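Engineer: This is the structure alone, sequence omitted:
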Ligand SMILES: Nc1nc2c(ncn2[C@@H]2O[C@H](COP(=O)(O)OP(=O)(O)OP(=O)(O)O)[C@@H](O)[C@H]2O)c(=O)[nH]1
């Protein structure tokens, strides 16, 4: 669940696995043929590479360093291919393999890495053709070289377009998976991702990180009295107000139903409580218009902070949730932030701080 919003590298692993199997089988077979043809340098390169492929097959599905291993495999792989192109004993037709360079590069390295890898090795391939046939430069050879070069560039262009749209679609899916469809705020899944990043940052810079859970008061009555659509616009109104009021570095999110959360990097428990109370006042002063009526919306909130109240998101959510219910129990439309419990703007409190 925690990795659910990360980019999916599964397809790259599958392509690499297929390439490793091909290298293993083809490398061993070609090595045998080339030994018979007395091309010992090429045969030993092919054998070494087949062994390297067999070695990589053991961990290609699990390695966390997929890109580094892909590069470690691919650069020598293409170098061997170019060496084969240069050998005077290998046939003319071997140049057809240049076509595979852009496809393999883009599938394994994505659009940026794929672009450079393909460009470099297609150029080297065309250069190899030049080196081999420079002495017998004829119109036929020029035509072959132009066809090999341009068709490889065409394949590269299509691979680039394909990889770019795949990348955009994946990005869009990641956005959608982390977004609440009604309010456009982050959802629980994105909150977990953001919490991990913000907690690391807070640990590194020794700065506070706080969480506020807020729940709209008597929301059922809004739905029952005005209907579900009006209920939805109240949720949207609250979400927009949170987005407007918070900093770009803060994360407002909808946990579900009429429950929201705010993840506040750099805010201590007290600062987070002050901010939650300011949002509470702002919401209370911004009624939602329904026909001729103006609907006052309030919420009850609980605050928790990293370290004092726990180190994981689930601990902070649990404590903030418990304090939110204390705020409900204390009369609603208030914020509870505790070490010792205190409530801000609690109607039946004479001072800002109430004892537990
Ligand atoms: N319009 C709308 N209503 C929702 C949505 N999700 C949950 N609800 C409603 O929110 C209401 C929540 O009711 P309760 O849990 O009783 O809470 P409440 O009425 O706000 O009472 P307190 O929290 O105790 O103040 C229920 O009527 C749900 O149907 C939604 O996406 N849209």
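Structural biologist: On my side now, so go ahead. Remember, it's a predicted structure, so these values are computed and weren't measured experimentally. Numbering: from 1, shown residues only.
Engineer: For stretch 77-85, buried residues please.
Structural biologist: Residues 77-78, 80-82, 84-85 are the ones in stretch 77-85 that count as buried (16 or more other Cβ atoms under 10 Å). Every residue, glycine included, has its C-beta placed from N, CA and C.
Engineer: typed the wrong thing, it's stretch 37-48
Structural biologist: Judged by neighbour count using 16+ other Cβ under 10 Å, the buried positions of stretch 37-48 are 39, 42-43, 45-47.
Engineer: Can you name the residues that contact the residue nearest to residue 109 when sequence neighbours are not counted?
Structural biologist: Nearest in space to residue 109, with sequence neighbours left out and distances taken as Cβ to Cβ, 6 or more residues apart in numbering, is residue 117 at 5.8 Å. Neighbour list for residue 117: 74-75, 78, 101, 105, 109 [criterion: Cβ atoms under 8 Å, 6 or more residues apart in numbering].
Engineer: can you pull the contacts of the residue in the chain that the ligand sits nearest to?
Structural biologist: Of all residues in the chain, residue 231 sits closest to the ligand, at 2.6 Å by Cβ to the nearest ligand atom. Contact analysis of residue 231 by Cβ under 8 Å, 6+ apart lists 219, 222-223.
Engineer: Report the buried residues of the helix or strand hosting residue 321.
Structural biologist: Using DSSP states H and E, residue 321 sits within helix 313-329. Neighbour counts using 16+ other Cβ under 10 Å place 313, 316-321, 323-324, 326-328 of helix 313-329 among the buried residues.
Engineer: now swap in stretch 264-283 and tell me
Structural biologist: 264-277, 279-280, 283.
Engineer: that older thread, distance of the residue nearest to residue 109 from residue 69?
Structural biologist: 15 Å (Cβ to Cβ, to the nearest Å).
Engineer: for the residue nearest to residue 338 when sequence neighbours are not counted, what are its contacts?
Structural biologist: Spatial nearest neighbour of residue 338, excluding adjacent residues (Cβ to Cβ, 6+ apart): residue 323 at 5.7 Å. Residues in contact with residue 323, defined by Cβ under 8 Å, 6+ apart, are 213, 301-304, 336-338, 341.
Engineer: Skip ahead from the helix or strand where residue 43 lies and say which helix or strand is next.
Structural biologist: Element membership for residue 43, per DSSP H and E: helix 40-57. Per DSSP H and E, the first helix or strand lying C-terminal to helix 40-57 is helix 66-86.
Engineer: So which other helices or strands are in contact with that next one?
Structural biologist: Using 3 or more Cβ pairs under 8 Å, 6 or more residues apart in numbering; DSSP states H and E as the contact definition, the elements that helix 66-86 packs against are helix 10-36, helix 40-57, helix 100-133.
Engineer: Now the longest one: buried residues?
Structural biologist: Okay, so that is helix 100-133. Judged by neighbour count (16+ other Cβ under 10 Å), helix 100-133 contains these buried residues: 101-111, 113-115, 117-118, 121-122, 124-126, 128-129, 132-133.
Engineer: How about the first one?
Structural biologist: Counting neighbours by 16+ other Cβ under 10 Å, one finds that the buried residues in helix 10-36 are 12-13, 15-16, 19-20, 23-24, 27-28, 30-31, 34.
Engineer: pLDDT of it, averaged?
Structural biologist: Mean per-residue pLDDT for helix 10-36: 93.
Engineer: Measure how it sits relative to helix 40-57, angle-wise.
Structural biologist: 150 degrees (axes from the mean of the first three to the mean of the last three Cα atoms, to 10 degrees).
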